[in-house]
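J.: model the following, please.
(2 chains)
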Amino acid sequence: MDTLDLVWLIPALPLAGFLTLLVLGRRLGEPAAGWLATAMCGASFIATVVVFAALVGEDLHHRSHVYDLFDWLVVGGFDVKVGFLADPLSITMALFITGIGTLIHLYSIGYMHGDPKFSKFFVYLNLFVFSMLMLVLGSNMLITFLGWEGVGACSYFLISFWFSKDANASAGKKAFVTNRIGDWGFMTAMFLVFATVGSLDYSVVLERAPEIAPVTATAIALLLFVGAVGKSAQIPLFVWLPDAMAGPTPVSALIHAATMVTSGVYLMTRVNPILAQGYDWGPDIIAWIGVLTALFAATIAVAQTDIKKVLAYSTVSQLGYMFLAVGTGAYVAAIFHMVTHAFFKALMFLGSGSVIHGLHDEQDMRRMGGLRKLMPITAATFIVGWLAISGVPPFSGFWSKDEILLYAYDANPALWFVGLVTALLTAFYMSRQVFLVFFGDERWRDAPVSETSEAEASAAVVAAHAHPEPHESPWLMTLPLVVLAGLALVGGGLNLPFTSDLHFLERWLEPVIEGNERVIDVATGTKVGLAVLATLAGLFGIVLAAGIYLQKRRDPIEPQILADGWRVDSSIAAFVGGPGQTGFEGVATFDRTVVDGAVNGVAGAISGGGKGLRLLQSGFVRSYALGVAVGVVAVLAYFLTRTGI
Amino acid sequence: MIVAVAEVTPAWYLILGSILFAIGAVGVLVRRNPLVMFMCVELMLNAVTLTFVTFSRMLDDIDGQAVVVFVLVVAAAEVVVGLGIIVALLRKEPAATADDINVLKG
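T.: Purely as a prediction, here's the structure:
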């Protein structure tokens, strides 16, 4: 058997873990359930590595292998198989999903310690990993969509994991409903693809992409982008991601930073031939939405006080960078940034989880400070993540962000400039967070700040009364931090810009994006200049934050409107609650009266007609005879008068 | 004067046939007794047979008379079955009408 055929094992192992835990989860209890889930995810990682090795062994242009498991839907010309596609892109995704997934599973054993729903958490987590792997490994759009919905459902389950609190339950609902809008785009795109090409298999669709009319290709690409906007939290559908932080922190790290939210970027990269076939303004829209989201979310992150909200907006912002890369044809840079971002953002989320754990469920950064002495490992690893996202060389974030900015500069200097400003802001707000949490005065003994939101306040009140000293987290939680910190440090090595020999990721992904990657024409001097500028912007942001939050030379500028996220959320709520609700009620009335009326009318007419006809079947022999007689007379009359017999 | 005896033309037979048919049809429609209705049906059948024979003579075509022989055979068989049903019905329900034929159900 071909080693590449083992690709089905990659999603099958987490599925097995999910099913086992579903049946035996409660009996296994803590911590056995957690260890089982971790083992399954780890085994899946090993399977991915095996497939990866087999794929490397293949010749460059044979690095695409489809393994069909069974026929799923066969209806006329519509034939969908449950099949898996092993190619450089999907295996890259699978590697970091299972790799980081395993680390986060491990972390969760420590983080969820003592939770009454411990085993259920791992049921969901395994289901999530399975769905995510279906998403990236599916050999056709329908399997991808299946995974797409699966991760959405898991995201919903896990955001509202502690559903006894109202805010958590509604955050889950918000994520689910917002994602529906994106799913509409994905589904419509699928219909369009099937109508145009007659197949949903990536191998067929992408092969025949050059035959699609440009207008159709643009429509498909933009509809898929609508799906990506929902899943990857871009303008205007980003509102669910900050609220999604209501879930347990490992969930935020795995789903809402490293993997699920990047599936939009994966999808756009997967269909890059369609994007290339469409009009040029299609990718331009993607690039602009990406870069504006990056800037917009970065401005909001500057004024957040919740440790996880800062990271959430930061994730939205970094995803914006990835879409900027996709829009400018820098697919390698997008995937590169996706991987490095997964390293450092998962690291920082897990770090923030460790802080929250150490401070007994305190999330308000105004009540932290000086933690580096008490939580040395968390602090050290968090600082690595901070330097990586701020774009300080040689940390991984520098290399990937620099590549995105380089391609943006080549496409349109305006895009590059907005990206640069965002880089400055990113460095600023991340430094603010690090200084507030790990440096400065120890503020965790202070009374809770009054204006915190309900959920935080209730947690804080409990914490304020009995606040023992913060402590470092157990090794189960610090080990993943250390591993991720190492990856965040050296992750840039995947694709170093110096010589073409060091473009590992680019050469690896070449079969997938062949011919559609932008070819840039920028002199080496300019490249160096851009990198220096980006680094300076990052350092300037750090120095600025140090001046304000560390040395307190100036009062922080944190306008309320930024803390409220430019009031986008409340505006949407007001719109949907006011004119929106009236409109929806109108639609509901229309549905009740006109649509239901038509349906009920047809039913009524048929049953009325039936009642009328029933009278004919009276059972009286003579009335039948009368009918026959009248009929005969009528027929005779017809023949006599009309045909003149 | 010798009263001229009207010659019997084929039209007479046709008129007689249609009168018999009308009597039969009206009988089927207005009577409730199954036996009478059955007789009326026979009457209609024979009215039609009469017109067949008449046309056969008028057109000098033996086919019409051949059909009559078939009709007679079929009518004989039909009478056997029909009378059997009616006797069974009236035995079960002496005052039964044609509409009560469903009392013979299982």
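J.: list, one by one, the residues from chain B near chain A.
T.: Proximity of chain B to chain A, by CB under 8 Å from any CB of the partner chain, involves residues B:25, B:28-30, B:32, B:37, B:98-99, B:101-102. (Each C-beta comes from the backbone N, C-alpha and C, glycine too.)
J.: cutoff 10 Å now
T.: B:25-26, B:28-32, B:34, B:37, B:40-41, B:97-102 (CB under 10 Å from any CB of the partner chain).
J.: excluding its backbone neighbours, what's nearest the closest residue to chain A within chain B?
T.: Closest approach between chain B and chain A, counting by CB to the nearest CB: residue B:98, at 4.1 Å. Distance criterion CB to CB, 6 or more residues apart in numbering or on different chains; nearest residue to residue B:98, sequence neighbours excluded, is residue A:621 at 4.1 Å.
J.: how about residue A:31?
T.: Using CB to CB, 6+ apart, the closest residue to residue A:31 is residue A:109 (5.3 Å).
J.: and that neighbour, what is it in contact with?
T.: Residue A:109 makes contacts with A:30-35, A:37-38, A:118, A:121-122, A:250, A:474, A:476-477, as judged by CB atoms under 10 Å, 6 or more residues apart in numbering or on different chains.
J.: that one sits in which helix or strand?
T.: helix A:88-111 (DSSP states H and E).
J.: next secondary structure element downstream of that helix?
T.: With DSSP H and E, the next secondary element past helix A:88-111 is helix A:118-137.
J.: which helices and strands does that next one pack with?
T.: Contacts defined by 3 or more CB pairs under 10 Å, 6 or more residues apart in numbering or on different chains; DSSP states H and E place helix A:118-137 against helix A:9-57, strand A:78-86, helix A:88-111, helix A:141-159, helix A:249-253, helix A:263-270.
J.: now for residue 92, how many residues are close by?
T.: Going with chain A. Other residues lying near residue A:92 total 24 when counted by other CB atoms under 10 Å in any protein chain shown.
J.: ah, I was thinking of chain B
T.: Neighbours of residue B:92 using other CB under 10 Å come to 11.
J.: do residue A:600 as well
T.: Neighbours of residue A:600 (other CB under 10 Å): 10.
J.: then stretch A:328-342 to PDB, C-alphas only?
T.: Extracted in PDB, the C-alpha atoms of stretch A:328-342 (Å, rounded to 0.1, in the frame of the first residue of the first chain):
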ATOM      1  CA  THR A 328      -1.700  40.700  -3.300                       C
ATOM      2  CA  GLY A 329      -0.900  37.200  -4.600                       C
ATOM      3  CA  ALA A 330       1.600  36.400  -1.800                       C
ATOM      4  CA  TYR A 331       0.200  33.000  -1.000                       C
ATOM      5  CA  VAL A 332       3.400  31.700   0.400                       C
ATOM      6  CA  ALA A 333       3.600  34.700   2.700                       C
ATOM      7  CA  ALA A 334       0.000  34.200   3.800                       C
ATOM      8  CA  ILE A 335       0.700  30.500   4.800                       C
ATOM      9  CA  PHE A 336       4.000  31.500   6.300                       C
ATOM     10  CA  HIS A 337       2.400  34.100   8.500                       C
ATOM     11  CA  MET A 338      -0.400  31.700   9.300                       C
ATOM     12  CA  VAL A 339       2.100  29.200  10.600                       C
ATOM     13  CA  THR A 340       4.200  31.700  12.600                       C
ATOM     14  CA  HIS A 341       1.100  33.400  13.900                       C
ATOM     15  CA  ALA A 342      -0.200  30.000  15.000                       C
END
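J.: just how off-centre is that stretch within its chain?
T.: 15 Å (CA atoms, centre = their mean, to the nearest Å).
J.: give me the buried positions along that stretch.
T.: A:328-342 (16 or more other CB atoms under 10 Å in any protein chain shown).
J.: out of the helices and strands packed on helix A:118-137, deepest packed?
T.: helix A:249-253 (a mean of 28; mean count of other CB atoms under 10 Å in any protein chain shown).
J.: buried ones in stretch A:476-492, by neighbour count?
T.: Buried residues in stretch A:476-492 (16+ other CB under 10 Å): A:476-478, A:480-485, A:487-489, A:491-492.
J.: for chain B, tell me which of those residues show up nearby.
T.: Within the buried residues of stretch A:476-492, nothing lies near chain B by CB under 10 Å from any CB.
J.: just send those back as CSV, with pLDDT and secondary structure too.
T.: Listed next are these as CSV, based on pLDDT from 0 to 100; DSSP: H, G, I helix; E, B strand; the rest coil:
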residue, pLDDT, secondary structure
A:476, 88, helix
A:477, 89, helix
A:478, 91, helix
A:480, 92, helix
A:481, 93, helix
A:482, 93, helix
A:483, 94, helix
A:484, 93, helix
A:485, 93, helix
A:487, 92, helix
A:488, 92, helix
A:489, 91, helix
A:491, 89, helix
A:492, 87, helix
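J.: still on that earlier bit, my read: the residue nearest to residue B:98 touches residue B:41, true?
T.: No: applying CB atoms under 10 Å, one finds residue A:621 not in contact with residue B:41, separated by 11.1 Å.
J.: need the overlap of contacts for the two.
T.: By CB under 10 Å, 6+ apart, the residues touching both residue A:621 and residue B:41 are residue B:28.
J.: am I right that residue A:494 is in a helix?
T.: Yes: the assignment for residue A:494 is a helix, going by DSSP: H, G, I helix; E, B strand; the rest coil.
J.: how about it, nearest residue that isn't a chain neighbour?
T.: residue A:505 is the one closest to residue A:494 (CB to CB, 6+ apart), at 4.7 Å.
J.: near the one you found, how many other residues are there?
T.: Neighbours of residue A:505 (other CB under 10 Å): 21.
J.: that one: helix or strand, and which one exactly?
T.: Short version: residue A:505 belongs to helix A:504-513, going by DSSP H and E.
J.: now do the buried residues in whichever helix or strand comes after that helix.
T.: Counting by DSSP H and E, the element after helix A:504-513 in chain order, helix or strand, is helix A:524-545. Neighbour counts over helix A:524-545 (16+ other CB under 10 Å) mark A:527, A:530-531, A:533-535, A:537-538, A:541-542, A:544-545 as buried.
J.: relative to residue A:390, how far out is residue A:245?
T.: To residue A:390, residue A:245 is 21 Å away according to CB to CB, to the nearest Å.
J.: what's the answer for residue A:219, then?
T.: Distance from residue A:219 to residue A:390, by CB to CB: 39 Å.
J.: mind listing the strands for chain B?
T.: Taking DSSP state E as the criterion, chain B contains no strands.
J.: regarding it, what is its longest helix?
T.: What stands out as the longest helix in chain B, according to DSSP state H, is helix B:63-92.
J.: could you give the separation of it from the chain centroid?
T.: On CA atoms, centre = their mean, the centre of helix B:63-92 falls 10 Å from the chain's centre.
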